[in-house]
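Colleague: Quick one, what's the 3D model for this:
(chains A and B)
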Amino acid sequence: MFWIAALMAVGGAAGVVLQRNPFYSVLSLVVHLISLAVLFLLLRAEFLAAAQVIVYAGAVMVLYVFVVAYVGGLEDPLTEPNPALRTAAPLFAGALLIELGIAIVGSGLKAIDTHGPHLGAGFGSPSEIGALFLTKFLFPFEVVSLLLLVAAVGAVALARPAASADRELARDRVSAGMSASSQSGD
Amino acid sequence: MDIVWYLVLSALIFCIGALGVLTRRSPLVILISLELMLNGGNLALAAFARMTGTSDGQVFALIVMIVAAAEVVVGLGLIVAMYRSRLPMDVDEMSELKG
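Modeller: You can find the predicted model right below:
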């Protein structure tokens, strides 16, 4: 089960990077997210898996698909035009992978080669996560709610200037038409 | 399955996301690749929560998820604003902050 989900997660991730059309990238990301939810279930993180499917594969993906459809399926060249960057970018990513692998294998954590300790029944359940949010992590919880509020206000503020620019454009057009008609009247 | 395999997988996903951020030039695909990187981090957090037997890592992963949602909202708002003002959809040509 782990290997199937892992293979699908890596395949979805590779699809995101290697697809030319952003729409297919978004669809590969959905595959990736759902297989990650399976991995979360294998790690006994039930609430996290449910949140992953509902928030990511549901809401965020709808937002992405909406924006891709709005902006249009722009075909994006896969390769970098700058030859130095074209070779340096995969090299950098490979170096990062090797470095992370060394960090994981050489971390010296004793429990890393086990299946993890034996867990109680409530591990990862919504009640335990909720209790932690309201007791131990109350301050991060409030900060995150404030962040969501700021992001919502920011999205509205980002959408507004274009509307006012359209209005200015319309006003300019109206005044230009009026001046043209007054000139023709003379 | 041993915890170490989950960590290796999360590192692999993170690096694929980093590769996408480095090579692609459409801001939309760069945002999606950023999601990949955040998801790699989330997987590592869940794996560490399983390793220690406490739920703290899962709470951390949930908060990362919320931050990612906020990032998507603002990023997609920026992309829509770019599209409306007829800017090229290429991060290499958007080297100025002036709107």
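
Colleague: Tell me where chain A has strands.
Modeller: Along chain A, no segments are classed as strands by DSSP state E.

Colleague: So which residues of it form helices?
Modeller: For chain A, the helices defined by DSSP state H occupy A:2-18, A:22-42, A:46-51, A:61-71, A:83-105, A:126-134, A:138-185.

Colleague: Using CSV, lay out those together with mean neighbour count and mean pLDDT.
Modeller: Where C-beta positions appear, they are placed from N, C-alpha and C, glycine not excepted. What follows is the helices of chain A, written out as CSV (neighbours: other C-beta atoms under 10 Å in any protein chain shown; pLDDT from 0 to 100):
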stretch, mean neighbour count, mean pLDDT
helix A:2-18, 19, 89
helix A:22-42, 22, 90
helix A:46-51, 20, 90
helix A:61-71, 16, 86
helix A:83-105, 14, 82
helix A:126-134, 15, 87
helix A:138-185, 12, 73
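
Colleague: Can you tell me which of those is nearest to B:Arg84?
Modeller: helix A:138-185 (4.3 Å; C-beta to C-beta).

Colleague: Once you drop chain neighbours, what's closest to the residue nearest the centre of chain A?
Modeller: For chain A, the residue nearest the mean C-alpha position is A:Val60 (7.1 Å; C-alpha atoms, centre = their mean). Nearest residue to A:Val60, sequence neighbours excluded (C-beta to C-beta, 6 or more residues apart in numbering or on different chains): B:Val72, at 5.3 Å.

Colleague: Work out for me the element that neighbour sits within.
Modeller: Element membership of B:Val72 [criterion: DSSP states H and E] is helix B:56-84.

Colleague: For the residue nearest to A:Ala9 when sequence neighbours are not counted, give its distance to A:Ala45.
Modeller: Excluding its sequence neighbours, the residue lying closest to A:Ala9 (C-beta to C-beta, 6+ apart) is A:Ser35, at 4.3 Å. To A:Ala45, A:Ser35 is 14 Å away according to C-beta to C-beta, to the nearest Å.

Colleague: Report the contact partners of B:Val8.
Modeller: Contacts for B:Val8 (C-beta atoms under 8 Å, 6 or more residues apart in numbering or on different chains) come out as A:101, A:104.

Colleague: same thing but 10 Å
Modeller: Residues in contact with B:Val8 (C-beta atoms under 10 Å, 6 or more residues apart in numbering or on different chains) are A:6, A:97, A:100-101, A:104-105, B:2, B:44, B:47.

Colleague: Can you give me the buried ones in stretch B:44-64?
Modeller: Residues of stretch B:44-64 classed as buried: B:44-51, B:54-55, B:57-64 (neighbour count, 16 or more other C-beta atoms under 10 Å in any protein chain shown).
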